[in-house]
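S.K.: Can you look at this prediction? I've put the sequence above it.
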Amino acid sequence: MASGTTEFRLLPMSESTSQLCFDKEQFLKDDFDVDTFVADCRRRVQLETLREDLHIYFKSLKNAMVELINKDYADFVNLSSNLVGMDKAINNLSVPLGQLKEEILSVRSGMDDAIKAVEDKLTARARIREKKACLQRLINITKSVEKMEKILGISKELDVDDADLGEHLELSGQQIERVALEFNQLQFYVTQSKGLPLVEKIRPRIAAITVTLQHSLERSFEESLETGQADVLRQCLRTYATIDKMRDAEALFRKIAVKPYMDEVINESFIKNHPQGLKGMYSKVLEFIPKHCTLIKQVTSQTPSSAGQEVVRGYDFLVNAVWPEIANSLDSRNHQIFFATNTDLFHERYLQTMDFVERFELQCGTQSSVKRLREHQSFNTFMSKWSLSVYFQLRFHEIAGSFETALSTPFNSTSDAQSPFKLHVFQTLWQCLHRCWEDKVYLIPLCHRFWKLTLQLLSRCAQWIEEVYANELKAPKEEPETSKPPISSSSSSASLPNESGEPADGDKQQRGPSPAPLPPPITSSQLVSLVADIDILCAQLTQLYQHVIGPKLAEINCQGITVLSEAFLDCKESLSNRQVEFGEYITKEVCALCSVHLKSANDIPRLYRRTNREIPSKPSSYVCNCLKPLQLFLDEHKANLQQDRQHQWLVSILCTVTDGYLTISSELLTSVKKMEDSLKRLKALRRPSEVALASMASQQGGVSDDDKIRLQLSFDVNFYGKQMSEMGVEDNEVPSYIELKTLVNSSVKGIISELEEI
């Protein structure tokens, strides 16, 4: 194929084939596929173009083949004649090739036989070598056993079950260490020779050596602890490490030193008799470490007192001996501390225990030791026994239940005179939020749950506020017989989840024969208290997060503090979503009370027209009474509302009332002008004598009735502005008042000038 490929590439091609939509080399590939080739070309060109290019390429190949044949025509013609006699030559070569093949096969067979013989001898030698090594191990096992029996003074006939085996044999530390080294080597040989008859026969002797060595080590370990001999203890622990029995040494220390002490200290009677109770018991437990573990720590860890001395590595008596016994004793004899029946007592015990754990970790000395302690099975088991989930459920029912109870009568006034809140529901909510994070309730492992409860409380309050708006403000007013259910009912669908699953009392009453009477609708004073408490709560929530919640989240190295703060901010903002609507409702009611008096402005013409009354010198009674409802509202709620909220409502009310006053005044002045023009036309139609008399009467009277009406309205508007100023509102804050004042002043400008001339 390679030669064919070369021949094809040598075919002369026309220049027109260089512009084809495909690569000519693709046809020469071994894995050429027609479908793949067509699909690849369709991605670039149309099928018509592909067909034309293939036809061009075919013609070029055909022409190239004709040119090649013409060029080497003689060779093509003589091709058959050149092959004459080729079959005879091939037959002549077949005989010597067959003989060569037989000779090669004979040599190969001989080589295979030789290789097999060598391999058999090598296998036999390896088997002999293995048996020799096994025999040497058995010899070493026998020598080691005899050597250790000689050092330990054990006879071959001594039974391993003898009670006094090794009890009365006293060995020096060096002898024990020699036996340990030999025993360690023996264990290696026994492991390599496992299953051999000699090993099984000698195993009882090995067991006797093990028991004797163990008794000697235990006796040496106990004596070194009692006498305080650091060198002996160091040698003993080194021997335990040599025979890979370090955990046995720790278990022995737990048995002979830790357990008796903990049995005496960790019990219910000690807690009852100690003045400090559980805390005193923990302090007594920690006293064990400096009293009984100082020598152990000096030998097994690097301490200032062990500087320059050999340290036996691999031991951790505090983690593997002291702590497991403490945890086991607490679980078996003081298991009541893990129960969360009494939440306050559970909280106190948990904090005391965690403080004890921290102090115990400080005694460990190194970070690696603390890490081993926290990864120890007994530590994890001990921590899992605390009923934290039960404790939180009890706290949840306590906190959420008190808030739900407050929502049953949400508009009751708070009983605490020192509270900044006016409504009992917000005072309760604030207490619940503080309750979640106060030191007597909050626990670090439950931080995420108390955070969730905090958001749930805020969300529940926001939902209740939405219900107040929907049921009291947004819903249309209905007849008493078909009035809506109370918004403060405890059967609200948005109440915090309870675990009983039973229907609320409100549902039971609806099924009863005589439903309870509905409470009265919300009053303006209650609505003002609601708005004021929401403002106060939103302001204090920021302080609560910055000074209480935030530090506790940072204390546990919480990730995503920014996300949590944004979630808290969203909950806080949801409380004030309806503040604008509540404000509009309140200002609308106050505006209605104020606007009632403005209607009396239409009576001014009746007071002065054809009554011969004196020129007005004081404001009308209606304008004096117009802003009295607003002033009473401010006096009543001034102490509750924040200054910004109070001023905002005040400006809103005055703008609305002034708009109405402007409309009335404009209509009044327009009607006065029309009446004045009508009278002038009537006077023009009278007889000259009557006109003269009327003119004389007008000159004697000075100011016309229409001018008196304008003057009275001017007095009223100016007095209205004075009342606004006394309330702390500037004229430019109420644009309609500036327009009103301009209107009335322009109407009396000429009249005032005439009066000044008179």
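M.R.: Perfect, thanks for sending it. Here the structure is a predicted model, which is why all the values come from computation and not from measurement.

S.K.: who does the longest helix anywhere in the chain touch, helix- and strand-wise?
M.R.: In the chain, ranked by residue count with DSSP state H as the criterion, the top helix is helix 86-152. In terms of contacts (3 or more CB pairs under 8 Å, 6 or more residues apart in numbering; DSSP states H and E), helix 86-152 is packed against helix 173-192, helix 197-227. For the C-beta atoms, the positions are set from N, CA and C on the backbone; glycine is no exception.

S.K.: buried residues in the first one?
M.R.: So that's helix 173-192. 173, 176-180, 182-183, 186, 189-190 (16 or more other CB atoms under 10 Å).

S.K.: Rebuild the helices and strands packed on helix 86-152 as CSV, extending it with distance to Pro605 and mean pLDDT.
M.R.: CSV is the format used below for the helices and strands packed on helix 86-152 (distance: least, CB to CB, whole Å; pLDDT from 0 to 100):
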stretch, distance to Pro605, mean pLDDT
helix 173-192, 125, 71
helix 197-227, 116, 79
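
S.K.: For Glu387, the count of nearby residues, please.
M.R.: Quick fix: residue 387 is Ser, not Glu. Close neighbours of Ser387, defined as other CB atoms under 10 Å, add up to 16.

S.K.: excluding its backbone neighbours, what's nearest it?
M.R.: Leaving aside its sequence neighbours, Ser387 sits nearest to Ala340 (CB to CB, 6 or more residues apart in numbering; 4.2 Å).

S.K.: Does the one you found touch Arg349 like I think?
M.R.: No: counting by CB atoms under 8 Å, Arg349 is not a contact partner of Ala340; they are 9.6 Å apart.

S.K.: re the thing from before, nearest to Trp323 among the buried residues of helix 173-192?
M.R.: Ala180 (27.7 Å; CB to CB).

S.K.: got the contact list for the closest one?
M.R.: Residues near Ala180 by CB atoms under 8 Å, 6 or more residues apart in numbering: 213, 217, 239, 242-243.

S.K.: Distance from the chain centre to stretch 213-230, please.
M.R.: Relative to its chain's centre, stretch 213-230 lies at 53 Å (CA atoms, centre = their mean, to the nearest Å).

S.K.: now the helices and strands packed on helix 86-152 as CSV including distance to Val717?
M.R.: As requested, the helices and strands packed on helix 86-152 are exported to CSV (distance: least, CB to CB, whole Å):
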stretch, distance to Val717
helix 173-192, 113
helix 197-227, 104
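
S.K.: Of all those, which one comes closest to Ser600?
M.R.: Taking CB to CB, helix 197-227 is the member of the helices and strands packed on helix 86-152 nearest to Ser600, at 105.4 Å.

S.K.: Mind listing what's buried along the closest one?
M.R.: Within helix 197-227, the residues scored as buried using 16+ other CB under 10 Å are 199, 202, 205-206, 208-221, 224-225.

S.K.: Same list, the contacts of Ala180, but as CSV with distance to Gln546 please.
M.R.: Output for the contacts of Ala180, formatted as CSV (distance: CB to CB, whole Å):
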residue, distance to Gln546
Leu213, 66
Leu217, 62
Thr239, 61
Thr242, 61
Ile243, 61
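
S.K.: For Gln431, which non-adjacent residue is closest in space?
M.R.: Nearest residue to Gln431, sequence neighbours excluded (CB to CB, 6+ apart): Ser402, at 7.6 Å.

S.K.: Which residues are in contact with that neighbour?
M.R.: Counting by CB under 8 Å, 6+ apart, Ser402 makes contact with 428, 431-432.

S.K.: closest to Lys101 among the buried residues of helix 173-192?
M.R.: Closest to Lys101 out of the buried residues of helix 173-192 is Tyr189 (57.0 Å), distances taken as CB to CB.

S.K.: need the contact list for that closest one.
M.R.: The contact partners of Tyr189, by CB under 8 Å, 6+ apart, come to 137, 140-141, 144.

S.K.: For Met727, which non-adjacent residue is closest in space?
M.R.: Computed as CB to CB, 6+ apart, the closest residue to Met727 that is not its neighbour in sequence is Leu650, at 6.2 Å.

S.K.: Dump the contacts of Tyr189 into JSON lines; add pLDDT as well.
M.R.: As requested, those are arranged in JSON lines below (pLDDT from 0 to 100):
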{"residue": "Arg137", "pLDDT": "77"}
{"residue": "Asn140", "pLDDT": "79"}
{"residue": "Ile141", "pLDDT": "77"}
{"residue": "Ser144", "pLDDT": "75"}
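
S.K.: Give me the buried subset of those residues.
M.R.: Buried by 16+ other CB under 10 Å: 137, 140-141, 144, out of the contacts of Tyr189.

S.K.: Restrict stretch 123-143 to CA atoms and write it as CSV.
M.R.: Taking C-alpha atoms only, stretch 123-143 is exported to CSV below (Å, rounded to 0.1, in the frame of the first residue of the first chain):
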residue,chain,number,x,y,z
THR,A,123,13.5,-24.1,41.0
ALA,A,124,15.0,-26.9,43.1
ARG,A,125,17.7,-24.6,44.4
ALA,A,126,15.1,-21.9,45.3
ARG,A,127,13.1,-24.6,47.1
ILE,A,128,16.2,-25.7,49.0
ARG,A,129,17.0,-22.1,49.8
GLU,A,130,13.5,-21.5,51.1
LYS,A,131,13.6,-24.7,53.3
LYS,A,132,17.0,-23.6,54.6
ALA,A,133,15.6,-20.2,55.5
CYS,A,134,12.6,-21.8,57.2
LEU,A,135,14.9,-24.1,59.1
GLN,A,136,17.1,-21.2,60.1
ARG,A,137,13.9,-19.3,61.4
LEU,A,138,12.9,-22.4,63.3
ILE,A,139,16.4,-22.6,64.8
ASN,A,140,16.3,-18.9,65.7
ILE,A,141,12.8,-19.4,67.2
THR,A,142,14.1,-22.2,69.4
LYS,A,143,17.1,-20.3,70.4
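
S.K.: Pull out the buried positions in it.
M.R.: Along stretch 123-143, these residues count as buried under the neighbour rule (16+ other CB under 10 Å): 137-138, 140-141.

S.K.: cool, and stretch 620-629?
M.R.: With burial defined by 16+ other CB under 10 Å, the residues of stretch 620-629 counted as buried are 620, 622-623, 626-627, 629.

S.K.: What of stretch 740-752?
M.R.: 740-741, 743-744, 747-748, 751.

S.K.: Reformat those as CSV; add pLDDT.
M.R.: Formatted as CSV, the buried residues of stretch 740-752 follow (pLDDT from 0 to 100):
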residue, pLDDT
Leu740, 87
Lys741, 88
Leu743, 87
Val744, 84
Ser747, 80
Val748, 75
Ile751, 71
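
S.K.: Can I get those residues in CSV including distance to Val118 and secondary structure?
M.R.: Shown next, in CSV, are those (distance: CB to CB, whole Å; DSSP: H, G, I helix; E, B strand; the rest coil):
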residue, distance to Val118, secondary structure
Leu740, 128, helix
Lys741, 129, helix
Leu743, 131, helix
Val744, 134, helix
Ser747, 138, helix
Val748, 140, helix
Ile751, 145, helix
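
S.K.: Can I get those residues in TSV including distance to Asn471?
M.R.: Shown next, in TSV, are the buried residues of stretch 740-752 (distance: CB to CB, whole Å):
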residue	distance to Asn471
Leu740	38
Lys741	42
Leu743	43
Val744	44
Ser747	48
Val748	50
Ile751	55
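
S.K.: downstream neighbour of the helix or strand containing Arg606 in the secondary structure list?
M.R.: Taking DSSP states H and E as the criterion, Arg606 maps to helix 604-608. Using DSSP H and E, the helix or strand that follows helix 604-608 in sequence is helix 621-626.
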